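In: My questions are about this predicted structure, shown below with the sequence.
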Amino acid sequence: MKAVSTPARRSWSLTLGAVGVVYGDLGTSPLYAFQEAFNPLHALAVTPANIYGVLSLIIWSLILIATLKYATFALRADNGGEGGIFPLMALVLSRWSGASRWYGGIVALGLIGAAMFYGDSTITPAISVLSAVHGLQVINPGLAPWLVPLTVAILVSLFAVQAHGTTRVGHFFGPVMLLWFMVLSGLGAWHIMQHPLILNALNPWWGMHLFWTTPQETLFLLGVVILALTGAEAMYADMGHFGRHPVRHAWYRIVFPALVLNYLGQGALVLTDATAAANPFFRLVPTAGVIPLVILSTLATIIASQAVISGAFSMTAAAIKLGYLPRLKIQITDDQHRGQVYIPFINWLLLLTVIALVITFQQPTNLAAAYGLAVNVTMGVTTIYLLLLARQQWRWSLGRAVVVFGSLLAIEASFLVANTLKIPAGGWYPLLFGMMVYGLLVTWHQGRDRLQDQLRQVTQHLSLESLLAAHPLQVPGTGVFFSPLPTLIPFAFIQNLHHNHVIHQRVFFVHLNTADLPHVSESDQLHVASLAENMYQVTINYGFRDTIDIPAAMARCWRALDIAAEVETVSYFVGRRTIVPTPAAGLWHWQKVLFAWLYRNAESPMTYFRLPPQQVVEMGMQVEV
């Protein structure tokens, strides 16, 4: 028997990994999406026509949004192999000037989408695990008081293993999710064979018929249908972990067929037994099979949560590099995959928020009202960006771009209208959470810009020649000074001259620049210019998914300049600034207070830049904003 070639084996491994990490959320939507459609609150009768209509809406939403938009178009929009809101925003902005009147609006859209993604990252673990654990009620309704504590225990275990990284966790997740999709397919196919008339639901006419006959109920229903699309954004956001083709192959060959079969199977069951609408997924199996299915679905929902958690880590790392969040401790969990990171602060903050949601909402149905809105807004932002990208980079005509993405946007807008009706029932949560995250992102970015303006005003009238005119004492060794802007003389250098009256034998002014790319090759990272004898301006370009390692970058710089710098004689000068809020115009007072708190609690430059602690010198100053 001929052995499988290494490339083919690697392709299958990546596809299996994509099944485990990317499709966990989307793959567990059969647990609650179809069931929620016949929630008594929606007053939709369990009739054959309504069953066909609901399934038609779900299946065609998967075809148009998940398949056409994400698998076909979004996976083309990679930024150096990476996907997600921030990489896509950077890709769109690369074609726009910062002076453009549309620039601010495009950035604001991206921040809104990112804020809602964080909301999704808190709701997904809560609703997914709650839905799986509630399957125990099918066996014994008396277990109800134990469901919330059991859910919390599972969630704590999930977040506790995040430090091990996506790769290690994914090795276990892939086979489990493959088994999950096989079970989905098998259960669905069995019930379809029992009642083949359910295949009528593949006809889009039934979905349109539902609109015509019950327009008011259908409007509410669209807010439920979008639950079948939760996790579709992960197809694009997690593309960088596995690559475009494995993500696409996993969808077409495994995930999409399994979802369609299972939804149809649930519909076939309800056609024969209307009472099964209360919990159609777990009624697909006989009573003896419920416990194994609960165990498997619990594992699947844990994996579903992993997709958005790892996405939150990746988005946070990108936001820090792009200047929308303060420095946080970032741990690289896989040296071979630079995008796989773990951020302890985000991990535990997410856990606390998720536990609060579980305790507050108690039931998956209650959380369903909060779920759709967060997903919906992020999807809409992605569609708008794809429309702009189709015009700018893909060179589509205006008519073609509007027809394709305008149609998708119209569908998503109808979902959004339906979701706004659920604001009183729980939709208020993602709005409130999103506003808080958006305010945080904007405040840090504006405060950072204002801080740089203050530093520029202090140093703009100084020149290197005037500073060196005092003939400071030269001391042996190498001094590395960091500057927030490439044109500024580092304030730490000015303070060192003013207080110590010395200058090092070799001096490097270092500015870190984040490119609009996820990764920058080592050959393009360093740009060195000579300022004076033994004084250099160094610009280090990093991608927003690259790992920052200043000592390693400086070692390459010295090799390029043929300088035999001894590592132990290098001193790294970093600024420690105290932010003082003032009544001056520019930011709201609450923003100044928040920015000062964030700045005070940001990760130390020493650890963030991987500087050797014994060679770091901190220079303090007070800055008013």
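Out: Good, I have the coordinates. All values derive from a computational prediction rather than experimental measurement.
In: only C-alpha atoms for contact and neighbour calcs from this point on.
Out: OK.
In: neighbouring contacts of the strand ranked longest in the chain?
Out: For the chain, the strand reaching the highest residue count under DSSP state E is reported as strand 502-514. Applying CA atoms under 8 Å, 6 or more residues apart in numbering, the external contacts of strand 502-514 come out as 321-322, 472-486, 489-490, 496-497, 534-544.
In: Got the domain ranges for this structure?
Out: Domain assignment for the chain, taken from automatic domain parsing, gives 20-425, 460-624.
In: The residue lying closest to residue 309 once chain neighbours are set aside: which element?
Out: If you skip the residues right next to it in sequence, residue 309 has residue 121 as its closest partner in space, 6.0 Å away by CA to CA, 6 or more residues apart in numbering. Assigned by DSSP states H and E, residue 121 falls within helix 103-133.
In: quick one: the next helix or strand after that helix to chain centroid distance?
Out: Counting by DSSP H and E, the next helix or strand C-terminal to helix 103-133 is helix 144-160. Its chain's C-alpha centre and that of helix 144-160 lie 24 Å apart, by CA atoms, centre = their mean, to the nearest Å.
In: tell me what the following helix or strand past helix 144-160 is packed against?
Out: Using DSSP H and E, the helix or strand that directly follows helix 144-160 along the chain is helix 166-194. Packing contacts for helix 166-194, counted by 3 or more CA pairs under 8 Å, 6 or more residues apart in numbering; DSSP states H and E, involve helix 6-21, helix 256-272, helix 290-321.
In: Among the contacts of strand 502-514, name the ones in strands.
Out: Those of the contacts of strand 502-514 mapping onto strands are 473-482, 535-542, per DSSP E.
In: What subset of the residues you listed is buried?
Out: 477-482, 535-542 (16 or more other CA atoms under 10 Å).
In: any idea which of the residues you listed is closest to residue 248?
Out: For residue 248, the closest of those turns out to be residue 542, at 28.8 Å, with distances computed as CA to CA.
In: Tell me the pLDDT of the closest one.
Out: Note on residue 542: pLDDT of 88.
In: Surely it is in contact with residue 524?
Out: No: assessed by CA atoms under 8 Å, residue 542 is found out of contact with residue 524, at 9.1 Å.
In: Count the residues that sit near the residue nearest to residue 309.
Out: Here the neighbour count serves as a burial measure; for residue 121 (other CA atoms under 10 Å) it reads 24.
In: And the average pLDDT for the helix holding residue 121 is what?
Out: The average of the pLDDT scores along helix 103-133 is 87.
In: repeat for stretch 505-525
Out: Along stretch 505-525, the predicted confidence averages to a pLDDT of 86.
In: Alpha carbons of that stretch, as CSV, please.
Out: In CSV, the C-alpha atoms belonging to stretch 505-525 read as follows (Å, rounded to 0.1, in the frame of the first residue of the first chain):
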residue,chain,number,x,y,z
GLN,A,505,30.5,55.4,23.6
ARG,A,506,27.8,54.2,21.2
VAL,A,507,24.2,55.5,21.3
PHE,A,508,21.1,54.1,19.5
PHE,A,509,17.8,55.8,19.3
VAL,A,510,15.2,53.1,18.8
HIS,A,511,11.7,53.5,17.5
LEU,A,512,9.3,50.6,17.2
ASN,A,513,6.9,50.8,14.2
THR,A,514,3.9,48.5,13.7
ALA,A,515,3.3,47.8,10.1
ASP,A,516,-0.1,47.1,8.5
LEU,A,517,0.9,43.5,8.1
PRO,A,518,0.7,40.5,10.5
HIS,A,519,4.4,39.6,10.0
VAL,A,520,7.5,41.4,8.7
SER,A,521,10.5,39.4,7.6
GLU,A,522,13.8,39.9,9.5
SER,A,523,15.3,41.4,6.3
ASP,A,524,12.8,44.2,6.4
GLN,A,525,12.6,44.8,10.1
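In: Mind jotting down where the helices sit in the stretch 351-500 of the chain?
Out: Secondary structure of the stretch 351-500 of the chain (DSSP state H, counting those that start in this stretch): helices at 364-392, 398-401, 407-420, 428-459, 464-468, 491-500.
In: which residues sit in contact with residue 390?
Out: For residue 390, the set of contacting residues under the criterion of CA under 8 Å, 6+ apart consists of 396, 401.
In: for residue 86, same thing?
Out: When contacts are counted by CA under 8 Å, 6+ apart, residue 86 is found next to 110, 114, 315, 318-319.
In: same thing but 10 Å
Out: Neighbour list for residue 86: 79, 92, 107, 110-111, 113-114, 237, 314-316, 318-319, 322, 516, 518, 544 [criterion: CA atoms under 10 Å, 6 or more residues apart in numbering].
In: Could I have the buried ones of these as ChimeraX selection syntax?
Out: Only the buried members of these end up in this ChimeraX selection, burial being decided by 16+ other CA under 10 Å:
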select :79,92,107,110,111,113,114,237,314,315,316,318,319,322,516,518,544
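In: wait, residue 141 sits on residue 134?
Out: Yes: in terms of CA atoms under 10 Å, residue 141 counts as a neighbour of residue 134; the distance is 9.4 Å.
In: If you count surrounding residues, which of these two has more?
Out: When residue 141 is set against residue 134 and neighbours are counted by other CA under 10 Å, the residue ahead is residue 134, at 23 against 11.
In: That one - nearest residue in space that isn't next to it in sequence?
Out: residue 147 (6.6 Å).
In: who touches the one you found in this structure?
Out: Contact criterion CA under 10 Å, 6+ apart gives 129-137, 153, 362-363 as the residues in contact with residue 147.
In: Please apply the same query to residue 130.
Out: If you count contacts by CA under 10 Å, 6+ apart, then residue 130 has 124, 147-148, 150-152, 154-155, 298, 301, 358, 362-365, 367 around it.
In: Which member of those residues is positioned nearest residue 396?
Out: For residue 396, the closest of those turns out to be residue 124, at 35.4 Å, with distances computed as CA to CA.
In: what's the distance between the closest one and residue 620?
Out: As defined by CA to CA, to the nearest Å, residue 124 lies at a distance of 43 Å from residue 620.
In: between the two, who's got more neighbours?
Out: Neighbours of residue 124 and residue 620, each counted by other CA under 10 Å, are more numerous for residue 124; the result is 27 against 14.
In: Could you pull up the residues touching that one?
Out: The neighbourhood of residue 124, defined by CA under 10 Å, 6+ apart, consists of 25, 130, 230-231, 301-302, 304-309, 354, 367-368, 371, 375.
In: how about low-confidence regions in this structure?
Out: Per-residue confidence of the chain (counting by pLDDT under 70) places the weak regions at 1-10, 42, 97-100, 138, 165-171, 333-340, 460-461, 565.
In: Recalculate using a threshold of 50.
Out: Scanning the chain for pLDDT under 50 picks out 1-4.
In: and the domains of the chain, which is most packed in?
Out: Using mean count of other CA atoms under 10 Å, the stretch among the domains of the chain with the greatest mean number of neighbours is domain 20-425 (a mean of 20).
In: For it, measure first residue to last.
Out: Chord length of domain 20-425, first to last residue, is 32 Å (CA to CA).
In: So what's the gap between that domain and the chain middle?
Out: For domain 20-425, the distance between its averaged C-alpha position and the chain's averaged C-alpha position is 13 Å (CA atoms, centre = their mean).
In: Looks to me like residue 44 is in a helix.
Out: No: with DSSP: H, G, I helix; E, B strand; the rest coil as the criterion, residue 44 is coil rather than part of a helix.
In: For it, which non-adjacent residue is closest in space?
Out: Nearest in space to residue 44, with sequence neighbours left out and distances taken as CA to CA, 6+ apart, is residue 38 at 5.9 Å.
In: Residue 55 too?
Out: With CA to CA, 6+ apart as the criterion, residue 55 has its nearest non-adjacent residue at 5.8 Å, and that residue is residue 201.
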